[in-house]
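*Asks:* I would like to see how this sequence folds:
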Amino acid sequence: MLKNWNHDLVHQLSETSDGLWRIEDYIKNSQGCDHCIKMWNEVKDNLEKISESLVEEIGRHYQENRFE
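*Replies:* The predicted model follows:
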């Protein structure tokens, strides 16, 4: 069983990845509204940054033998 902090990181990475997948549809559905497309792309950029941070932290825990 994972420690709580590792479980939280993995869980949030999964949630963030799901959000990124959904946003692709939101962008497609927003065709005709440039403001919505811009907003969804900004949300996508933010989620990608969050995802990268989560992956880095999971990697750090693994490198430090703290991913248990």
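
*Asks:* Got the confidence number for residue 2?
*Replies:* Residue-level confidence at residue 2 comes out at 88, pLDDT.

*Asks:* What strand or helix carries it?
*Replies:* Taking DSSP states H and E as the definition, residue 2 sits outside all helices and strands.

*Asks:* Okay, now the unreliable bits of this structure?
*Replies:* Counting by pLDDT under 70, the chain contains no low-confidence residues.

*Asks:* go with 90
*Replies:* Along the chain, the parts satisfying pLDDT under 90 run over 1-2.

*Asks:* what kind of secondary structure is the residue lying farthest from the centre of the chain in?
*Replies:* Within the chain, the residue lying farthest from the chain centre (C-alpha atoms, centre = their mean) is residue 32, at 26.4 Å. Using DSSP: H, G, I helix; E, B strand; the rest coil, the secondary structure recorded for residue 32 is coil.

*Asks:* gap between it and residue 16?
*Replies:* Separation of residue 32 from residue 16 (C-beta to C-beta, to the nearest Å) stands at 28 Å. Placement of C-beta: from N, CA and C, glycine included.

*Asks:* now swap in residue 64 and tell me
*Replies:* 22 Å.

*Asks:* Give me the more crowded residue out of these two.
*Replies:* Higher neighbour count among residue 64 and residue 16: residue 16, with 20 against 8, using other C-beta atoms under 10 Å.

*Asks:* I figured that one was touching residue 50, is that so?
*Replies:* Yes: shown here, residue 16 and residue 50 form a contact pair, counting by C-beta atoms under 8 Å, at 5.4 Å.

*Asks:* got the contact list for residue 3?
*Replies:* 66, 68 (C-beta atoms under 8 Å, 6 or more residues apart in numbering).

*Asks:* for it, phi and psi?
*Replies:* phi -60, psi 150 (degrees, to the nearest 10).

*Asks:* How about residue 67?
*Replies:* According to degrees, to the nearest 10, residue 67 has phi -90, psi 80.

*Asks:* Could you report the separation of it from residue 60?
*Replies:* In terms of C-beta to C-beta, residue 67 sits 9 Å off from residue 60.
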